[in-house]
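[1] no sequence on hand, only this structure:
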């Protein structure tokens, strides 16, 4: 089974590039099958990691950034891949 973990944070106004740099620099204790970093308006950063694991497996996640970098707590979601199409 493939599980995707989504991590989304919103930077303090004008700190989007700093949050993006911070997120890209975060190393996980083990490598996912895939990792993708995205950004959106309002200085939001999204990181999705894919894992070959059961849905309820303990998986490494990105931590919370420094409170001076974000406007709110990080949002996290877990999804089960249903394949393409």
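    That came through, no problem. This structure is a prediction, so every number in the text was calculated from the model and none was measured.
[2] name the residues of stretch 8-19 that come out as buried.
    8, 9, 10, 11, 15, 16, 18, 19 (16 or more other CB atoms under 10 Å). For the C-beta atoms, the positions are set from N, CA and C on the backbone; glycine is no exception.
[3] ok, residue 40 touching residue 20?
    No. Look at residue 40 against residue 20 with CB atoms under 8 Å: they stay out of range, at 10.8 Å.
[4] neighbour count winner among the two?
    Neighbours were counted for residue 40 and for residue 20 using other CB atoms under 10 Å; residue 20 has more, 19 against 11.
[5] and the buried residues of stretch 8-19, which two are furthest apart?
    8 and 18 (16.1 Å; CB to CB).
[6] and the helices in this structure, which stretches?
    Shown for the chain, the helices assigned by DSSP state H span residues 16-25.
[7] run through it and note the low-pLDDT ranges.
    Filtered on pLDDT under 70, the chain yields the residue ranges 85.
[8] how about the strands in it?
    For the chain, the strands defined by DSSP state E cover 2-10, 34-40, 44-52, 75-80.
[9] just want the angle from the third one to helix 16-25.
    In this case it means strand 44-52. On the basis of axes from the mean of the first three to the mean of the last three CA atoms, to 10 degrees, strand 44-52 is oriented at 20 degrees to helix 16-25.
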